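# could you work out the structure for the sequence below:
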Amino acid sequence: MAAEKIYEPYKKSRGTMIYTPTNQQMSRGGIGEKLADFVKNLYWVYYIHLPFYLMTSLDAFCLHTIFLVVVSLSLFGLLKYIFL
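Sure, this is the predicted structure:
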């Protein structure tokens with residue numbers, strides 16, 4: 001039950017420490033949070049780690065182009081499916 005409690009920042013009567021909950025404490029475990037975490041992890045893997053540590057510039061360019069084409073076509077297909 002304690003994990004479901006919404007934490008509010010508060011100030012103790014003594015001292016100047018202000019309690020701030022962690023992201024894990026604030027998490028509700030919904031589908032929106034899982035999707036946001038997936039996108040954030042994908043960003044870190046794709047944009048940060050691969051181009052700088054594992055690839056040459058031509059490999060990074062090809063992967064970047066393919067990734068953007070796939071994402072763009074997927075988004076277009078999803079929007080077309082929803083609205084038509």
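# name the helix or strand for the residue positioned nearest the centre of the chain, please.
Central residue check for the chain by CA atoms, centre = their mean: the C-alpha nearest the mean position is that of residue 40, 2.5 Å away. Following DSSP states H and E, one finds residue 40 within helix 31-43.
# what mean pLDDT does that helix get?
The predicted model assigns helix 31-43 a mean pLDDT of 85.
# residues in contact with that helix?
Contacts to helix 31-43, defined as CB atoms under 8 Å, 6 or more residues apart in numbering, come from residues residue 27. All C-beta spots, glycine's among them, are computed from the backbone N, C-alpha and C.
# can you pull the buried residues of it?
Neighbour counts using 16 or more other CB atoms under 10 Å place no residue of helix 31-43 among the buried ones.
# try stretch 56-69
Within stretch 56-69, the residues that count as buried by 16+ other CB under 10 Å are residue 60.
# would you tell me which helix is longest in this protein?
Longest helix in the chain by number of residues, with DSSP state H as the criterion: helix 57-83.
# mind checking how far stretch 23-35 is from the chain centre?
How far stretch 23-35 lies from its chain's middle: 11 Å, per CA atoms, centre = their mean, to the nearest Å.
# keeping just the C-alphas, turn the helix or strand of the chain with the lowest mean pLDDT into PDB.
Counting by mean pLDDT, DSSP states H and E, the chain has its least confident helix or strand at helix 23-26, which shows a mean of 78. Extracted as PDB, the C-alpha positions of helix 23-26 are listed here (Å, rounded to 0.1, in the frame of the first residue of the first chain):
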ATOM      1  CA  ASN A  23      11.100   8.400  -9.800                       C
ATOM      2  CA  GLN A  24      10.400   4.900  -8.600                       C
ATOM      3  CA  GLN A  25       8.300   6.100  -5.700                       C
ATOM      4  CA  MET A  26       6.300   8.400  -8.000                       C
END
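# remind me which residues of this structure are low pLDDT?
Where the chain drops to pLDDT under 70, the residues are 1-16, 49-54.
# same thing but at 80, please
Where the chain drops to pLDDT under 80, the residues are 1-19, 23-27, 43, 45-57, 59-60.
# neighbours of residue 45, just the number please.
Residue neighbour count, defined by other CB atoms under 10 Å, stands at 10 for residue 45.
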